[in-house]
Structures are given as C-alpha cells and as structure tokens.
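**Q** Sequence isn't available, so here's the structure alone:
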C-alpha cells in the first residue's frame, strides 16, 4: 500500500483526490495540504485523516512515499523540490513551471535527487489515444507521414484566467504538443505557428490569442498540424488522425449517447460532451493508475519531466514563430 | 450483339428502356411495344427504331432474341407465353401473374418451351445486398441463425393502385420474401404474419394493410423477420442484418450525402433518399446486366421463374396466416 | 442518509455492494447478509460494519430502512416478505420468484404491507435506452408502429446454470419483455414465439433453447420483435430500434474505443464489449440511484412488482407459444 | 441544343466525351479533334460525326458554340485562344497553362474577346463538397475559423508524368487550393508550405515531392491546412472539415458499400474507392452540366479563368515557401 499526500485541493486537486480516495488500488491517501477551508473540508469529507494548511504534514511524514501536486502553477516548482528533497516520488500537474528556465532547473534538481517524477499530461491516458499509440507501435500503419490534432473547448476560460495563463500555446496547446510527441514517437525539429483572435476580442486585449494552427516538422520527416480554438459551440472536440505508409488511424469524439433519430429533417446524432469531467474523467483516473503502477514496479514514469520540458520548448518556439511570423527550429530555443 | 424488344413502356418500362438504350453493353434495343402514344414517344426519343402498339413487331421478328416485359401485371403471363412460343428469352417484371395457379402454369409452359426466364427481383442486385450474399457464401459469418429485413417506403401508393395490388404481401413484401430466400440460401418452411392498418384508414377500407411483421422459419433452423411499412417520414428505409455462428453483417441505408453538421443541437446527418430512382437506380441496371450476361454465357438466370413462384407461395402463406392468426406451413400451400 | 442492508453477496450482490459502498449519494450500507465466507469478506473489505450469515442483523435492525435482495432466485420471495413485514423498502433482483403464481402472491403481500418494491430490470437505466424512452415521450417519432430488440450474449452460461434458469424466456428474454413494455408504454396482448437450439446441443439436451425470436402484438397496434442468442462471437449485442409515425430511433452498441484503422483490407472499428461489467456497469449504478431517489422523494418506484409480473406473464406466454406453435393471448395466462 | 466540339480525346477527354455524348441534356457533341487514331476511334464509336486530326473542323465550324479542351496541358493556351478568336465558349481542363505568366495572358486575351471560360476544377461539383458550400452560405456554421483538407491518391503517377507535371503543388494541390478558396469564399493572403519525399525516392530524384502540408492564411482571419500524399494504401482519401463560430461541417469518404461485418476481430467496413472513375465520376458530369447551364442561361461560369489563376498563384507561393522555408504573401507573387 503506497501512502500518498496531495498538495492542493483546488479544481484539479478535487478530481485527483476523489480518484485517490476511492478508485485507485493499492494506494492510501493519508494527508491533504490546502491553504483554504473549502478544499480542506472536501478532503475531510472524502475520508482523508490528516488535513492541514501546513505543508509539513506531508513533507515531514516519512510514511508518505509520494506526493500529488495540484496546487496553483506558480507553486509547483517549490513543492516539487521540497518533496524531492524529502525523497518522495512526485506526480505534478502541468506545467511544472511557467518559465522554461525554472522548469528546467527544477527538473534537473529532482533528477539529481533521484526521485521519480511524472507530469500530468492526462490525454495520453484517454483510452482512445493510448490505443492509437499501441496500434502504431505494432506497425499497423507503417512509418508515419502526417498527424492532425484538433482541440476545441466549449468556451474560453475567464479573462482573469487568460491573463495569468501564459498564453494559448503554454496553457492549451501544450497538451497537443505532448500528444504529438507521444504519437510520433520522436522529436519535433521545427515549429511554424499562426494564431489570432476570432472568438472574443477581450482575449486579444488581454494579449492572448483564441484560435491557432501550428505546423510541426518531426525528425522522421513527418508533419503534424495542431488546430486549437477556445470556443466550440457544439462541445468538446478532441480528436486526432494519423497517416502512415500502410494506412491511417483516426479517433472520433464520444457523444452523450449512441442514440440516432431519423425524421423528416434528416438523422440526428446526440450532442458532443459539454462538461469537462464527462470528457476527461477516465483519463485522470488512468494517469494516476499509471503513476502508481510505475512506483510499485519501479519502472520509468510514462510521462517524465523531460516530456514536460520538451512540450514547453515547443510552446516557446510557437510563441516566437507567431510573433516573428517565421518557422523556428527547436534547437534554437535556449533553455538556460 | 443481342437484339432485345421491350414490351410495355410505363413506369418500370421507361427505367428499363433508358438502361437498355444507353448503358448496357452488348445489347441492342431494336423494338418497343406500347399501346399508348406517350410511351411510344419515349421509346422513339431514346432511339428505338421500331415502335408500335402491335405486339407482332417483337414476337414476329426473328432477329429479336429476348424480350423485356414491363407491361401491366395482368398481361405478363400472356406476353411471356407468346415470347416463349416464339423462342425468345424473357426478362419479366414481377409478378409473372397475380394468381399463384396461373403463375405456376405460365412458368411450366415456359420451362417446357426451354427458353430462359428471369424475374425482376431487382433488390438482389443492389451492390450492398449482393455483397452480403457473397460474404455469407465465403463463410464470413458461419452458419446462419437469424435475419432481419426492414422495408419502408416514403409514402403509400394511391388507393386506386392499392385496390388492384393483390395486397401488401403480394405487392411489397414479395421483394423481401425473395431477399430472405436469397440471403438464407434455403427454403422457408413456415410463415407467421401479422399486419394491420396504422398509416391510413383508407387502406384498411380498401381491404389491405399498411404495416406488417412476418416471421419465417427456414429449413436450416434460422429465423427471418420482415417488417414493412407503407410510410416512412424520413425516406426509404431498406436494410437487413444477418447473424451467424461466426459474426453478423449489416447494411445501412445510403444517405443523400456524407455531410455531417455539428452545432449546438447535436450532429445532423443528411436525409435518407426520397425518390424512387435515387434509391433503386443501380439495381435496375445491374439486374439487366445480369440477364444479358447469363444470355451471352448461356448460364442459368440468377432469378428464375421458380424463385418467383416461391416468393408468391410465401405471400400466399402470409395472407392465410394473417387471416387465421396462425402459423402456416409452406408445403400446405396448394399451387395447382 | 438512508440506511440499507444487502441480502446476498454473490455475483450480482458484489456489483450492488460496490456501488452502494462508494458511488451512491445519500445512502449508507450498514449491514450485509451472506451465508458464505467469501461474500462476507468482500463486504467487510468494502467497509460494511455488520456482516453475518444471520438475516436478523438486517430484518431486526430498525435503523435499516431498505434492503437490496441479490441472493439466489429461490430465496427472493422469502427475504422480500420478511423485509416487507419489517416495514423495509425492497429492491429485489429479478425474478422475484421463478413461479408466476408465487411471484404474484409475494407481490400482493408486499403491496398489502404498503412498502415500496423495485425490481432489478437494469437495462431501462442504460443511458441510451432511457434516452430513447424520453425522446418517444416528447413525441419525437409520433405514434409507435414497430420495435425490434436484439440481445445476444458473448457465450452461454454453464449447463448447470441453464438447468436451473427456468428457460431462455424467463432467464434472458425477460429483460427484453420488460424493455418492450418500457419503450411501447402500453401492454402486449398476444405473443408468438419460436426458439431452437443452434448454438450448443447440450443446451437442448438440458431442455432449453439458445436462440429465439418472439413477436409481441401490443394494444396500440404496434408490433415488437425480440431476437435472442446465447452466443455472439463478436461480443455483447444489445440494441433496439423503434419506428413511429414521425420517424425512427435506433441505438448502436458501444465499442471498446472510437478508434478506426483504415488499411488495404478496409476500415476496422474496435471490438464490441466482451465483459459483462463493461457492458452493463453504469445501468446497475443508475438503477440503484433511481431506487434511492424514489425512496427519498417518496415517489413511485420506476420498476414495480407489477412490471416484474407482467414480464413474467410474457415469458409464460412465450413458453406456451413455443410448445404449442400458436399465438397466445396474454389474458389467457392464469396467474393464480 | 448547344453544339460542342471536343479538343483532345486522351484520358480526361474520354471521360468528358462519354458524358457529352449520352448524359448531358441539351448539348450535342458534333465534332472531335485528336491527333492519334485511338482517340479518334473512341469518338467515332461514341457517335461523334466529325472526327479529325485537323483542329479546323472545330474552329472553322460556325455551328459549334462551345469547345471542351482536354488536350495535353502544353496545348491548352493555344487551343483556348483559337477558340476564343472564333467566338466559341471554352471549357478548359486545368491548368490553362503551366506558366503563371502565360496563363495570365491567355486569360486576359480570352476575357478581351468576351467569350465565357470555365476551368475544370471538378471537385467543386462533387455533391458532398457543393453541399458543404451551400450550408456555409446559409449560415449554418456562422463565420469561418478553420478548414482542413486531405487529398491522398492510392498511388503516385509514373515518374515520366511526374517529370512534366510542374511539381506536386501545381499538379495535385492545385485542386485543394481551389477548394479552399471555394469553401472559404474569400482570398488567401499568405502561404506556408512544407513538403518532402516519404513515398518514393525516385520522385525526389525527379525533383519533386510526394508529401506536403500547406498552411494558408485567409483575409477573413481563418486558416486552412491542406495535406497531400501521392500514396494511400487504403484508397482515395478526399475529405475536408470546416469549423466556424456556430459549428462544424465534415465530409467522409464514400466506401465501396455500406456493408459492415462484425466478427471476433472487430467490425469491418468496406474499402475506400480505388479507381479514379469510381471516386470522381459524378463530379465530371456535374461540372459539364454546370458549364452547359451557364451557357444556356447566360450566367457567369461557376469556375472562371480568374479562379484558375488564383489557384496557380497559391501553387507558386507554395513552391517559393518550400524552397526558402518561409511564409510567402500572395500579393508578392508577380504574375506578369
């Protein structure tokens, strides 16, 4: 039984806490850290014994083998290094740090301290996307030639969030950068990005974009295109299709039901999913399962700190590309 | 080049004439018989040289090797026997005769005269349904266990037509009886039918039904269910699914286009086909191609007079079953 | 907080226990009865405080407001009446009794004792099927004309189970009889059933059938056909389609994933679900949620003892129909 | 009855000739020009009266109102200008000239001579793509944000063809450049293209690419991505999906049939189309219908010389972008 402490019981923290407290085998959630009362109450209600606004109940507890960090992004580095120094394995929500330089240092520190680190790129664990990777690995479509990823959210986050998000590429496209590396199985060498403000002028006034298309050239010669929109009137649209020398694989969106109604107007299928948890629920469960499995079996973490850094490098390159309207080589991105 | 004469240029006749005049290889439509001027003009406009209201231009022309009979149902037997006596191969629209007894005699006569006879059960030639038969023959789903056929028309024919049609089972379900035998590859031994009037009371007043479900037990132990409706507000619904020891095959309806539109209301697919010719066009072409191929290669007709009779026996059994509310054995149906 | 006791921790019991212990809001599972140690351990492991092989820990506990009966079928009546006499609401797995007569008496007794009773016809709570019912109620497809239900299991249960099951109609088709009533919204008046042994001769030797087609005539003039098979090599196939005066609704099977792979051989979709729990998991959760909701709000149970009886009457009629090869009117089935 | 002459009876010419000779209403194909005997025989066999290797039988025939040019690309300009000088309307296969400069001059000349000119971008007339345009025009998905076009051919053309084709962007992507303008309804302002050789090294040795991804920025702020491959092992893949402020529209590929087979291995759909004519047949018919309609009604041609030029400008920009690895503004492309 692996004893875990959770750091941060905000929106993402609640999702992880609920999974850890009931649905993950072989793990016991023994402590929760949260500054505010509301998150503390949530933890207590879910049967967590030790709940506090003092981080030491986790860091100083030798029984706790691993921590799950889901606190505000600007605290990730701090808590991760604390936990690493205390010899605890770390699952950290993305991003480990908004600054590429700081993220790199944090990951180096943790690596030197020799504790496992996993970054929360949950979409890899969506059963559809993980199946795509498996089929590719089994040679089903041969050598890869192209990949197209679509990510559209039902509506944008509040402007207050947008202003602190670091921009679309770091906040939203970052998942697709990781997915592109995951599917391609190799590194992107060049990035060309375009983005603008088509959904809400206020987003542009806040200095961000709400629509983007990014082209990534990979070292295997294949090309990925990523298309993002902060607004999709028909619900979550999270898809990809990959093409290779022997065929193509595509993933459709899940709908609310499999019911089809045929009338004079044509045939109607059900709606796309509109609630965040409906769309991503199982992937959050699966990523924690994967973290726990890797800990138990002492195997490498499926999503490493390096993976987190590489996605951030792509976001950085995309930002420069957008600003300067030119393709940007990934090896030109200075991390230090 | 096989020279053909067409007998009857009404609704079905025009479809066949158009195919024969332009789209069928190796055949030359040299004469057309039709009592009325409108059909005659149609034939002339399509390049047919000899057009007349005298049947002899076909029967007495030794160059004509085959006839296509698409005249009113009550003239089929007469013209078929004439053609057979003149040594001409026959393609005859269904039914060869509305009376089972007369149909049987006509087919016997034609058989004794040793001319090829094909009945116009065109649905066997729809590319989807013929593919299903091929896959079954190749053992794809093992031994058959069940079959479900749905046939629904956009709207009923006029009451005047209903009154002379012979009833739903003989007029509409007859195609599905043939399809069931075609897919199963063996004979039905018992029929249980239910039907009533759910669409239009006038149909009931005319002594017919507009909705029916028929259960057929086959000699291989498998069961087929056929569901018909004279009215489908969403368009033609012509489908089947067959289940066997190794799997199942199903056929969906073609839609007007492959366009899908996702909006706040859900995802909309296009309409089902609503025009007779859109739905069945290619099957009429393919059945004539099959007729011509069999003539050229001197191979058995894919849909024989016997096939026509057997479908009629099932219709007869269904009528008795409906009337007496009991299952009816097919071998209890007296033909003579 | 409604306190519940569970009677019977066998296969179905474990499913219900797991849901009650973690996933249902507003309910507290305080006691579990099971004769055997293995089920008792399961209950203890899931945090149930009072676990015993003595039924009194539930019956005699005044705090327990409701019981969930998932013991062997031949004990349902006994435990249900005990619970009713103790004033406890009852959720009872189907069937409440294998004998129609005993079931009727049990339900009458419970009704006189004025306690709520819900029967475990879980498929009504599958999100797809409940959505179909909702759309019909909202008039989406007008007045109903036909319904086709397909239920095929991946493989048959053991012969030992078959021998005690009461036969296919009582054991498997019973769910579809309930679904047909649920969808149609009215009563079946006549049943014509056919069944045979196409999957495994041992099933026939055990006196049962493994394949069946049942035709039900409903009081609204509509007809339902139900097709069952104890074996489907491609996985669970649980579907229905319903046709009405304004359109048609159909439900497809869920597949393991939404991944499609196109290669030289065509396009491959994923497998159907093969594990019982994958296919039905959410419906078991939803039916208990519905039970608890009805208790809290003091509203009628969504699936009553009467519903249970009526499905059994249809199974009885189907058995007679199969044996005597004739349609059987439901009002000819004597319950007492 | 519009009298037409066809110039060039090669591969494309045969397709057009067959349509003109039988399937287009209100048009009479009275003459065919072809240097070689095989094309001449084809024309004669299809009932064309005047067949010659002398272009004058068309140019000097005052009865001929319109010409269809489907001769080798390097003769298009010459014949088009001849026809224009003779006052004949022109349907010309793409490209009107491989050189942007010559194409521009030819179009200017024809425009000054005031004869209608239509370019053969047939895909606009595929029923699915034209329906997409209609739905957009009707506001179904609001203002456009993104468009993704996929065009993959089953296999590359021979290297001898590749060498004279002008390169992938001018030969293959040109259709997608036209489709992008057609769907977006406005002009592209910038092009970023990437391409390489992933299918066959011989194509690279011939100085061409076989795989490409092109990003187009449009004046309305929307972005189109086009992905091409000269090889698709699963057949023709010709699709698009467009996203807007109110929803999204996508088009799937037609398959050989609607048959689905479910077995232990999963569910198999039929193959994509593999033969050129299967995939594009109806669009060739529809574009000629549109040409004839415009002539009869004296309305503007649906695909003008200007449309042809604009697609060529995008191909030119793509070539520069690929060579110099930078985005290229369309207004920087010098035509003269």
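**A** Noted; the coordinates are in hand. Quick caveat, the model's predicted, so the values are computed rather than measured.
**Q** Name the SS class of residue A:173, please.
**A** Assigned state for residue A:173: helix (three-state reduction, DSSP: H, G, I helix; E, B strand; the rest coil).
**Q** Against residue A:211, how distant is it?
**A** For residue A:173, the distance to residue A:211 under the criterion C-beta to C-beta, to the nearest Å works out to 11 Å. Where you see a C-beta, it was placed from the backbone N, CA and C, and this is true even at glycine.
**Q** Could you double-check that residue A:6 sits in contact with residue A:71?
**A** No - shown here, residue A:6 and residue A:71 do not form a contact pair, counting by C-beta atoms under 8 Å, at 9.3 Å.
**Q** Secondary structure element holding residue A:267?
**A** When elements are defined using DSSP states H and E, residue A:267 is found to belong to strand A:266-269.
**Q** need the contact list for residue A:186.
**A** Neighbouring residues of residue A:186 by C-beta atoms under 8 Å, 6 or more residues apart in numbering or on different chains: A:218-220.
**Q** Let's see the PyMOL selection covering just the buried ones among the residues you listed.
**A** Here the buried members of those are turned into a PyMOL selection, burial being counted by 16 or more other C-beta atoms under 10 Å in any protein chain shown:
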select buried, chain A and resi 218
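**Q** From the contacts of residue A:186, which land in strands?
**A** Judged by DSSP state E, the subset of the contacts of residue A:186 located in strands is residue A:218.
**Q** Look up the residues forming beta bridges with residue A:89.
**A** Each beta-bridge partner of residue A:89 is listed here, defined by DSSP bridges: residue A:66.
**Q** Neighbours of it, how many?
**A** The criterion is other C-beta atoms under 10 Å in any protein chain shown. On that basis, residue A:89 has 23 neighbouring residues.
**Q** what does residue A:160 give?
**A** Residue neighbour count, defined by other C-beta under 10 Å, stands at 9 for residue A:160.
**Q** Determine the three-state secondary structure at it.
**A** Here residue A:160 takes the helix state, with states given by three-state DSSP.
**Q** so what pLDDT did it get?
**A** You'll see residue A:160 listed with a pLDDT of 95.
**Q** That one and residue A:278: what is the separation?
**A** From residue A:160 across to residue A:278, the span is 25 Å (C-beta to C-beta).
**Q** returning to that earlier point: relative to chain B, which of the contacts of residue A:186 is nearest.
**A** Proximity of these to chain B (C-beta to the nearest C-beta) peaks at residue A:218, which lies at 29.8 Å.
**Q** coming back round to it: shared neighbours of residue A:6 and residue A:71, which are they?
**A** With contacts taken as C-beta under 8 Å, 6+ apart, the residues that reach both residue A:6 and residue A:71 are A:13, A:33.
**Q** Neighbour count: the two, which is higher?
**A** When neighbours are counted by other C-beta under 10 Å, residue A:6 and residue A:71 differ, and residue A:6 comes out ahead with 29 against 24.
**Q** who touches residue A:107 in this structure?
**A** For residue A:107, the residues meeting the contact criterion (C-beta under 8 Å, 6+ apart) are A:96, A:117, A:305-306, A:308-309.
**Q** Take these and keep only those in strands.
**A** Secondary structure assignment by DSSP E places residue A:117 of the contacts of residue A:107 in strands.
**Q** The contacts of residue A:107 into a markdown table, with extra columns for neighbour count and distance to chain D?
**A** Listed next are the contacts of residue A:107 as a markdown table, based on neighbours: other C-beta atoms under 10 Å in any protein chain shown; distance: C-beta to the nearest C-beta, whole Å:
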| residue | neighbour count | distance to chain D |
| --- | --- | --- |
| A:96 | 26 | 31 |
| A:117 | 24 | 34 |
| A:305 | 24 | 30 |
| A:306 | 14 | 26 |
| A:308 | 25 | 27 |
| A:309 | 21 | 25 |
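**Q** Among the contacts of residue A:107, which ones are in helices?
**A** Using DSSP state H, A:305-306, A:308-309 are the members of the contacts of residue A:107 that sit in helices.
**Q** For the residue lying farthest from the centre of chain A, list the residues it contacts.
**A** With distances taken from the mean C-alpha point of chain A and given as C-alpha atoms, centre = their mean, the most distant residue is residue A:264, at 42.7 Å. Residues touching residue A:264, when contacts are defined by C-beta under 8 Å, 6+ apart, comprise B:233-234, C:246-247.
**Q** Max pairwise distance over those: which two?
**A** Maximum pairwise distance in those, criterion C-beta to C-beta, is 8.6 Å, between B:234 and C:246.
**Q** neighbour-wise, which of the two wins?
**A** It is residue B:234, of residue B:234 and residue C:246, that has more neighbours when counted by other C-beta under 10 Å, with 23 against 16.
**Q** Could you tell me whether that one really is in a strand?
**A** No - the assignment for residue B:234, made by three-state DSSP, is coil rather than a strand.
**Q** Was I right to think it contacts residue C:248?
**A** Yes - with the criterion set as C-beta under 8 Å, residue B:234 and residue C:248 qualify as a contacting pair; they are 6.4 Å apart.
**Q** Longest helix in chain A, please.
**A** Among the segments of chain A that qualify as a helix by DSSP H, the longest is helix A:276-297.
**Q** rewinding a little: quick one: common contacting residues for residue B:234 and residue C:248?
**A** Where contact means C-beta under 8 Å, 6+ apart, the residues bridging residue B:234 and residue C:248 through contact with each are residue A:262.
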